[in-house]
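Q: sequence-free structure coming up:
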């Protein structure tokens, strides 16, 4: 499928300040993680091609966490562009609506997996997105896309959303590490991948940080 | 302020396929429009610096319609990056919540205006975003940011949202032209700027298209 069967359960959020630091962190960690996730800040700074380069150099699955949130004509163009650089999975907001999701699914075809963001992990995520997170999980099942992003900061919610999407959809959990979510809790609650960023790339030794996250899981 | 007092009421959505076409369209239209709006597809293709280049060459106000929709740490980095290339106004989704908006306002300080997207203009926008559009307009007034984006495809809604934000906030209306919204209706309903894209850049003569939009307004 779009992502490999999780081995370490770690999806590295590569929110590094620049190209140089990105490669330093990956040189240390690439063989111990399952996938790399990119967000706009690094891409705006270094260009979209860095995704292709990293995918080819480290043979890792790559995720564009672009939280696509626009009208179909724009969403569709974004998906076409990320497809071109080899992105395996793209994250989109559920509130773009069923029609927009169906169009995206069509354009993604079997080349790229779509993950629907259910709710934002910070406190303000409870103000609006939380009210629809279960609806978005239903949409994942109904439109039949690849999976959902669920809040690693709220393991009970991950569990609830897993029940809605069923066992076959992929769940990635953001907010693990610096945002306060526990790696073990997220995975135990039903997440296939825990997204970890600062707790790895800002650690004195990113490699040791990854090893420690893996141990936590193994020792359970 | 961040945008000049509207003269033509036209904000060009520069959703052109590449750099070359962007400059062709602007060469024809720059003296007849009020501002240029950029979205991710062009930026992902050509890089963020194209915004600075266009701002300097055409002496136009520039808007980053990035529909920012993430957790604060990411939103804040995006705003820092667009500030660096001289962006005057950035568009963000209201559903990131009050806390995230307050942080953004702080980072934007007086250098960049924040416009809150109230609802998406396509049919799917009615499925989720519409349920909160009035709430988002209230947030604009409450957090006291620069303005809102309101749906040019739904002039009644523009009128309602104008009542909520009051006369001093800026309203930009998307969906005018190819998406079916009428330019005159949007402006009459209270929009300061109508965002027009395909109806200009895909026209046989973009300049004539702009002239025709301006006439519509003048002839009223």
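A: Yep, that arrived. Worth saying up front: this structure is predicted, and the values here are computed from it rather than measured.

Q: What segments of chain A are strands?
A: For chain A, strands defined by DSSP state E occupy the ranges A:10-13, A:35-38, A:61-68, A:89-93, A:113-117, A:147-151, A:170-176, A:193-196.

Q: Looking at those, spot the one closest to chain B.
A: Closest approach to chain B among those is made by strand A:61-68 (4.9 Å; CB to the nearest CB). From N, CA and C alone the C-beta is placed, and that goes for glycine too.

Q: what residues does the closest one touch?
A: A:2-4, A:11, A:13, A:34-40, A:51, A:54-55, A:75, A:78-79, A:82, A:86-93, A:96, A:104, A:115, A:117, A:172, A:195, B:40, B:69-70 (CB atoms under 8 Å, 6 or more residues apart in numbering or on different chains).

Q: related to what we said a few turns ago, lowest-confidence stretch among the strands of chain A?
A: Ranked by mean pLDDT, the strands of chain A bottom out at strand A:170-176, which scores a mean of 92.

Q: What is it packed up against?
A: Judged by 3 or more CB pairs under 8 Å, 6 or more residues apart in numbering or on different chains; DSSP states H and E, strand A:170-176 is in contact with strand A:113-117, strand A:147-151, helix A:155-165, helix A:183-188, strand A:193-196.

Q: avg pLDDT for the fourth one?
A: Model confidence over helix A:183-188 averages 90 on the pLDDT scale.

Q: where are the low-confidence patches of chain A?
A: A:217-220 (pLDDT under 70).

Q: and stretch A:175-195, how far from the chain's centre?
A: The chain centre lies 12 Å from the centre of stretch A:175-195; the measure is CA atoms, centre = their mean, to the nearest Å.

Q: Same question for stretch A:83-102.
A: The chain centre lies 12 Å from the centre of stretch A:83-102; the measure is CA atoms, centre = their mean.

Q: What of stretch A:161-171?
A: Stretch A:161-171 sits 15 Å away from the centroid of its parent chain (CA atoms, centre = their mean).

Q: residues of that stretch that come out buried?
A: Neighbour-count burial for stretch A:161-171 flags A:161, A:162, A:164, A:165, A:169, A:170, A:171 (criterion: 16 or more other CB atoms under 10 Å in any protein chain shown).

Q: And for the residue lying closest to residue A:130 once chain neighbours are set aside, the neighbour number?
A: Using CB to CB, 6 or more residues apart in numbering or on different chains and skipping residues adjacent in sequence, the residue nearest residue A:130 is residue A:119, 4.9 Å away. By other CB atoms under 10 Å in any protein chain shown, the residues close to residue A:119 number 27.

Q: Next, work out how far apart residue A:119 and residue A:137 are.
A: 10 Å (CB to CB, to the nearest Å).

Q: between the two, what contacts are shared?
A: The contact sets of residue A:119 and residue A:137 overlap at residue A:150 (CB under 8 Å, 6+ apart).

Q: Output the strands of chain A in a markdown table, with distance to residue B:179 appended to each entry.
A: Compiled in a markdown table, the strands of chain A are given as follows (distance: least, CB to CB, whole Å):
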| stretch | distance to residue B:179 |
| --- | --- |
| strand A:10-13 | 34 |
| strand A:35-38 | 30 |
| strand A:61-68 | 18 |
| strand A:89-93 | 19 |
| strand A:113-117 | 23 |
| strand A:147-151 | 29 |
| strand A:170-176 | 32 |
| strand A:193-196 | 34 |
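
Q: mind giving me TSV with the helices and strands packed on strand A:170-176 and columns for distance to chain B?
A: Listed next are these as TSV, based on distance: least, CB to the nearest CB, whole Å:
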stretch	distance to chain B
strand A:113-117	8
strand A:147-151	10
helix A:155-165	15
helix A:183-188	16
strand A:193-196	11
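
Q: Of all the ones you listed, which one is nearest residue B:26?
A: strand A:113-117 (34.0 Å; CB to CB).

Q: what angle sits between the closest one and strand A:61-68?
A: 50 degrees (axes from the mean of the first three to the mean of the last three CA atoms, to 10 degrees).

Q: In its sheet, which strands sit next to strand A:113-117, and in what direction?
A: Paired strands of strand A:113-117, with direction, are strand A:89-93 (parallel), strand A:147-151 (parallel) (DSSP bridges).

Q: is it possible to export these to CSV including mean neighbour count and distance to residue A:127?
A: Formatted as CSV, the strands paired with strand A:113-117 follow (neighbours: other CB atoms under 10 Å in any protein chain shown; distance: least, CB to CB, whole Å):
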stretch, mean neighbour count, distance to residue A:127
strand A:89-93, 27, 15
strand A:147-151, 30, 14
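
Q: ok so, going back, which among the strands of chain A is found nearest to residue A:25?
A: The minimum distance between residue A:25 and the strands of chain A falls on strand A:10-13, with 7.6 Å, by CB to CB.

Q: helices or strands up against that closest one?
A: Applying 3+ CB pairs under 8 Å, 6+ apart, we find strand A:10-13 packed against helix A:19-29, strand A:35-38, strand A:193-196, helix A:198-201, helix A:206-219.

Q: thinking again about what came up before, redo the helices and strands packed on strand A:170-176 as CSV? Include distance to residue B:212.
A: Listed next are the helices and strands packed on strand A:170-176 as CSV, based on distance: least, CB to CB, whole Å:
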stretch, distance to residue B:212
strand A:113-117, 39
strand A:147-151, 44
helix A:155-165, 49
helix A:183-188, 55
strand A:193-196, 49
